[in-house]
Structures are given as structure tokens and as C-alpha cells.
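**Q** return a 3D structure for these sequence lines:
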Amino acid sequence: MLLNYITWNVNPELFSIGSLTVRWYGLLWAIGIWLALVVVQKIFKSEKLPDKWVDSLFIYTVIGTIVGARLGHCFFYEWKPLAEPVTFLGITFTYGNYYLSHPWELLYIWRGGLASHGGAIGILIAMYLYNKNVSKKGFIWILDRLVIGAALTGAAIRLGNLMNSEIYGSATTLPWGFIFVRDGQTEPMHPTQIYEMLYCLITFGITWWLYWKKQAYKKTGLIFGVFLIGIFGTRFLLEFIKLNQESFEAGMLLNMGQVLSIPFIIWGIWLIVRSSKKALPEK
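**A** Numbering: from 1, shown residues only. Got it, this is the predicted structure:
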């Protein structure tokens, strides 16, 4: 008998000890960050760079990723219709953000709510500071190396979304459609978490190959540019079959995920074109 769909009813909680609950999502975030740093450690070792650089990179990456992802979710996706419109300086607002009046709850990451675009912005800021304070070899230089492992982080996070039965696609008749029982679904939906996990793994494979087999790191920005196209270009396309995360996206020509992906795609194209003109010396 052919497979018609997959019933997905996995418990998002891995285990509980008293009041402590470990969720798949949090564990996979941690594993993803660890994998990224393992990759960077191998690269740094091959280039005979100081071991302490990896230790510092771990701190900058963890803080930048988590803070950026949390703030990104709260400020990009938490806009809700107001009970009554508010007029300020002649402008009428029909949507408001809960966290503007409850900023202390930005710290409540255990409630969930982490955005990949916010995490990306957080990493960029963290790597700017890391380059300024630690490596001093160039902002793009560190990104050309970090993003190889970051693609694995992205794959782990999307697996975490699958375990949470969240951020999936529209209805489908394809045999690998998932019925996300825990989210109240009764018909098969596109498991876009798996699609995104796959393009993250493919991007990892390509950037790894570029670094080790083609020495693409000699063309500053090439690896980072390929990463941006591989991750955000594919994300932009997949958003067409994903359900909107928030109600305010319903009236938008492009949803929030697509709007936030466009600058990264443009940046990636520019980096690839720029790096292809000549092999730039490492700084």
C-alpha cells in the first residue's frame, strides 16, 4: 500500500525532571551552535589560528544568535490588531506590539519565539564586534568561515521546528504530507521544516566543498555570498507554500519572511559578483 500521508504527533518535550523540562527545540538549538563551532574549530586549526579565538567565538556566537533571534521574533512577528486605533502625530495605528509596553518579557525565552532572520542579524552584529575585538582580519573574513557551520545550525533548528509541529506549509496531496496533530491539523500539510532542513544541509555541502576543495576563501565574500543565496533565496521561494505565522501577514503581497530575506539575497548576489572579479588578498 502506498503512503498517503504521515501522522505527526511527536511530543515536543524530551523529558522532565521536577519543574525542569527539556524540549527538543532547545536541545537542537544547542546542538546546532555546537556543530557550527566544531566546523570553525577545524577551519581555524587548518589555518593555524589561536585556539582562544574559538573560545571567544563561542561566546559571541551564542549571545548574538539567541539575543538576535529573540528580539527578531518579538519585533518582526508580534504585531497584533489593537482593540481601538491609536492616533499619534497625525498617524493612525491599527496594530501594536505587546513588547513595547512589556519590554521585560523580552527575556522570557522559555515561552518560545525565536526568529531565524533576527538570529542572522544578531550574528552579523556579534561578528562585527568579534572582528573588532578579537580576530581583526576582516568582517567578511570571519563570516566566510562561520557560515559553513552555521548552515548546520539552520538544519538543526528546522528539525526543532518539526519536533514542535510548527511553521509548516499549506495543504498538500503529496504522499509525504504531514498531519500535525498537536497543532490541531486534520489534513496533510507540506512539511516545510524538512524542506528547509534539506536546503541547509545542501548549502553546508556546497560551502564546505568551496572552502576545502576550491580554496574559495581566497576570494573574500564568495563563500558568504553563496551561503546567503542558498539559505535566504530558498527561504524566499518556500514561503509561497508556507502558512503565514501571524495574521497581519494576510494582506501582504510578500510575507514577513520574504521581506526580510530580500536584503540578504541582494547582499549575497553582490558578494558573489564582487568576489568573482578578482581573487582578493586575505586581510
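**Q** can you tell me the element Lys48 falls in?
**A** Assigned by DSSP states H and E, Lys48 belongs to neither a helix nor a strand.
**Q** need phi/psi at it.
**A** Note on Lys48: backbone dihedrals following degrees, to the nearest 10 are phi 60, psi 40.
**Q** run a quick neighbour tally on it.
**A** Lys48: 6 surrounding residues under other C-beta atoms under 10 Å. All C-beta atoms are positioned from the backbone trio N, CA, C, and that covers glycine.
**Q** and the pLDDT for it?
**A** For Lys48, the model assigns a pLDDT of 94.
**Q** same question, the one 3 residues further on
**A** The score at Asp51 is 87. That number is its pLDDT.
**Q** how about the strands in the chain?
**A** For the chain, the strands defined by DSSP state E occupy 6-8, 13-17, 20-23, 79-88, 91-97, 178-180.
**Q** what is the rounded mean pLDDT of the fifth one?
**A** Average pLDDT, strand 91-97: 63.
**Q** contact partners for Asp183?
**A** Asp183 sits next to Ser165, Glu166, Tyr168 when contact means C-beta atoms under 8 Å, 6 or more residues apart in numbering.
**Q** any idea how far the closest residue to the second one other than its chain neighbours lies from Ala155?
**A** In this case it means Glu166. In space, and not counting its chain neighbours, Glu166 is closest to Asp183: 6.7 Å by C-beta to C-beta, 6 or more residues apart in numbering. Per C-beta to C-beta, to the nearest Å, Asp183 is found 21 Å from Ala155.
**Q** repeat that for Thr192.
**A** Per C-beta to C-beta, Thr192 is found 13 Å from Ala155.
**Q** just give me the residue right at the centre of the chain.
**A** Ser116 (2.9 Å; C-alpha atoms, centre = their mean).
**Q** show me where the stretch 1-150 of the chain has helices.
**A** 24-46, 51-76, 98-101, 116-130, 139-163 (DSSP state H, counting those that start in this stretch).
**Q** and the longest one, what's buried?
**A** Neighbour-count burial for helix 51-76, counted by 16 or more other C-beta atoms under 10 Å, picks out 53-54, 57-58, 60-62, 64-74, 76.
**Q** with stretch 267-275 instead?
**A** Buried residues in stretch 267-275, defined by neighbour count with 16+ other C-beta under 10 Å: Trp267, Gly268, Leu271, Ile272, Arg274, Ser275.
**Q** quick check: closest non-adjacent residue to the fourth one.
**A** In space, not counting the residues next to it along the chain, Ile272 is nearest to Gly225; the distance is 4.0 Å by C-beta to C-beta, 6+ apart.
**Q** equivalent analysis for the first one, please.
**A** With C-beta to C-beta, 6+ apart as the criterion, Trp267 has its nearest non-adjacent residue at 5.8 Å, and that residue is Leu228.
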